[in-house]
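Asks: structure for this input, please:
(chains A and B)
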Amino acid sequence: AQTIHQWPVAEIKAVGSPLSLGCTIKGKSSPNLYWYWQATGGTLQQLFYSITVGQVESVVQLNLSASRPKDDQFILSTEKLLLSHSGFYLCAWSPDYEQYFGPGTRLTVL
Amino acid sequence: GQQVQQSPTSLVLQEGENAELQCNFSTSLNSMQWFYQRPGGSLISVFYNPSGTKQSGRLTSTTVIKERRSSLHISSSQITDSGTYLCAMERVNNNAPRFGAGTKLSVKP
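Replies: So this is what the prediction gives:
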């Protein structure tokens, strides 16, 4: 069975500080991987998706970047956090169209 | 404009009542999926239902591609059904699923 992990579970960070969020999928080779973001009370938005190692497509510009260094790993990062980056970040994987989500990371930027 | 419209925005039921949640799309879709979002934020897939009708226990989903709509029916609601239900559509030739804003369901004893 496939499992998806996200880390950390929660972060409290200062404006202007760097950020790195991670996502790992086990039990599935070459999955499609996705990053989503949801502001408090807002709609879930897809940020990035990746079909294969080293390839990432940006969907929404939020001064964030993503990388896929390994087949089973997807990283979301920024060098300078903004207040507007606060929210809930979800990683998902998909064999085709059906999506499976990780537990999420709650980010608070102060 | 908003490509995925969910209705109602919120719904309050007495335990045992039925619920009908709607999702309407403004573009052609390749697939659609219903999710339950826990209060903590994590998402659980309820149905992957690109077309037709699927049932699982008290839950039934019906997607009509030609009419660009999908519904989620919850029969004999229970308190534990409370939460937010999201629908998501994947458009033709597009890898970025669009989510609706959700229906917040509260089931009271």
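
Asks: tell me the contacts of residue B:81?
Replies: B:19, B:74, B:105, B:107 (C-beta atoms under 8 Å, 6 or more residues apart in numbering or on different chains). Where C-beta positions appear, they are placed from N, C-alpha and C, glycine not excepted.

Asks: want to throw those residues into JSON lines with pLDDT, neighbour count and secondary structure?
Replies: Output for those, formatted as JSON lines (pLDDT from 0 to 100; neighbours: other C-beta atoms under 10 Å in any protein chain shown; DSSP: H, G, I helix; E, B strand; the rest coil):
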{"residue": "B:19", "pLDDT": "96", "neighbour count": "21", "secondary structure": "strand"}
{"residue": "B:74", "pLDDT": "97", "neighbour count": "22", "secondary structure": "strand"}
{"residue": "B:105", "pLDDT": "96", "neighbour count": "21", "secondary structure": "strand"}
{"residue": "B:107", "pLDDT": "96", "neighbour count": "20", "secondary structure": "strand"}
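
Asks: can you lay out the residues you listed as JSON lines showing distance to residue A:109?
Replies: Compiled in JSON lines, those are given as follows (distance: C-beta to C-beta, whole Å):
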{"residue": "B:19", "distance to residue A:109": "36"}
{"residue": "B:74", "distance to residue A:109": "36"}
{"residue": "B:105", "distance to residue A:109": "30"}
{"residue": "B:107", "distance to residue A:109": "34"}
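
Asks: nearest to residue A:48 among these?
Replies: Checking those against residue A:48 with C-beta to C-beta, the nearest one is residue B:105 at 30.3 Å.

Asks: quick check: closest non-adjacent residue to that closest one.
Replies: Nearest non-adjacent residue to residue B:105, counting by C-beta to C-beta, 6 or more residues apart in numbering or on different chains: residue B:11, 5.1 Å away.

Asks: residue B:55 now?
Replies: Going by C-beta to C-beta, 6+ apart, residue B:55 has residue B:61 as its nearest residue, at 7.8 Å.

Asks: distance from the helix-or-strand element of chain A with minimal mean pLDDT to the middle of the chain?
Replies: Sorting the helices and strands of chain A by mean pLDDT, DSSP states H and E puts strand A:57-58 at the bottom, at a mean of 92. Computed by C-alpha atoms, centre = their mean, to the nearest Å, the chain-centroid distance of strand A:57-58 equals 12 Å.

Asks: output the helix or strand following that strand as PDB - backbone C-alpha positions only.
Replies: Following strand A:57-58 in sequence order, the next helix or strand is strand A:65-70 (DSSP states H and E). Extracted C-alpha coordinates of strand A:65-70, given in PDB (Å, rounded to 0.1, in the frame of the first residue of the first chain):
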ATOM      1  CA  SER A  65       9.400  27.200  -5.500                       C
ATOM      2  CA  ALA A  66       9.300  23.400  -5.700                       C
ATOM      3  CA  SER A  67      11.700  20.700  -6.500                       C
ATOM      4  CA  ARG A  68      11.600  16.900  -7.100                       C
ATOM      5  CA  PRO A  69      15.100  15.700  -6.200                       C
ATOM      6  CA  LYS A  70      14.100  12.000  -6.000                       C
END
